[in-house]
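Undergrad: can you look at this prediction? I've put the sequence above it.
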Amino acid sequence: MSQAQINSTQVLCRLLEMDKPQIDGQTLFGQSSDAATHLIRERMLVLGSSNQWINCPECGVELARVVRDLSSDQILLMCPECLDVTAPRHYCTNHKVSLPKLVNNLATGLGLGSAGHKVIDHEQIWRLGTTQSGRAKPVTWYFARQLYKPAVADRLREQIRLEKTTESSVVLTSTDLPLPAASPIEGFDVRFLGVSARISQSRFEFFNESASTATQVMEEASPTTTLKYVESQSCVWMDGERYELEPRQRLIIIIALLEDLDHELDKDALQRKCGSQSQSFSPSKEFERNKSVYKRFIRYLRDDERYQLLIPLEDQTH
């Protein structure tokens, strides 16, 4: 394993921790020419916009203006102190991290299909997929950048909770460890990418052999809109997104309407079936903190004074 691979992984992690993961060519190649070349060759960095002014590479003090191209890889600069200066063309080009390429290479290194990963939070958190080694329990892999930010860590923790992978998750991150003691994901298995793997050809090479040789566990495709998980998982799905149900919503409102043959009940019958003693019983109030679920699955028939459960098309065809 070359030093360029080691250096390029460290440079990549530093870039990923920036709000905008990009860097100008002059700074990039100034840090490590080998690492920069490796990142560009592996397409982990892609070209961004060009700068018309850069620090003069001769004096290192003045701003030099880009005058024109001298060749395919050289440009002419005008420095107020040094006058005409020749510099590599890549000095004036910004380079930004290709997040799709990053995630694909992580998934490939873990032996996961490139189509199996999922964006959890745009440009911050991804679920890479699930692997299983021998008889060991499955492991669900996540990647997150800027995990030092409480909002990012909290969003990841919530996703892991929703997917019920708390005891079987591994989080790869570009953030230096250890995380702050008050981090929302304190106690989780979090691993710094810079010491867990190295950038190779179209993939990451992981030091832990069990990670890269485990068998991928094919996950069931996320449902679109369905009620079939109300009883088993206490949730509904709407447009591919999972919504957790509160106990009253699950056990009383939707279950009661599901069990009715016509999926319709008036207020009194629904209240009796729910076992509610409240004088101000109202189905809509039970979904006060989950209004989108109520609007999608329950309709009040004003003329008949009845509540109707709206059965999704996906459930009608199964």
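TA: Sure, I can see it. Numbering: from 1, shown residues only.

Undergrad: now name the helix or strand holding Lys96.
TA: Element membership for Lys96, per DSSP states H and E: strand 93-97.

Undergrad: typo on my end, Leu270
TA: helix 267-274.

Undergrad: same question for Leu258.
TA: Leu258 belongs to helix 255-259 when assigned by DSSP H and E.

Undergrad: that helix packs against which elements?
TA: helix 230-233, strand 264-266, helix 267-274, strand 306-309 (3 or more CB pairs under 8 Å, 6 or more residues apart in numbering; DSSP states H and E). Placement of C-beta: from N, CA and C, glycine included.

Undergrad: pLDDT on the first one, on average?
TA: Rounded to a whole number, the mean pLDDT of helix 230-233 is 76.

Undergrad: next one: the longest one
TA: Per-residue pLDDT over helix 267-274 has a mean of 83.

Undergrad: what packs against it?
TA: Other elements packing on helix 267-274 under the criterion 3+ CB pairs under 8 Å, 6+ apart are helix 255-259.

Undergrad: can you list the residues that contact the helix it packs on?
TA: 227, 230-231, 263-265, 270, 273-274, 298, 307-309 (CB atoms under 8 Å, 6 or more residues apart in numbering).

Undergrad: need the buried ones from the residues you listed selected in ChimeraX.
TA: ChimeraX command restricting those to the buried ones, with burial defined by 16 or more other CB atoms under 10 Å:
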select :227,230,264,265,270,273,274,298,307,308,309
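
Undergrad: of all the helices and strands packed on helix 255-259, which one is nearest Leu83?
TA: Evaluated over these, closeness to Leu83 peaks at helix 230-233, with 70.8 Å, by CB to CB.

Undergrad: now find how far off-centre that closest one is within its chain.
TA: The chain centroid and the centroid of helix 230-233 are separated by 26 Å under CA atoms, centre = their mean, to the nearest Å.

Undergrad: cool, and stretch 71-83?
TA: Centre-to-centre, stretch 71-83 and its host chain are 42 Å apart (CA atoms, centre = their mean).

Undergrad: give the rounded mean pLDDT of it.
TA: On average, stretch 71-83 scores 89.

Undergrad: sweet, I'm off.
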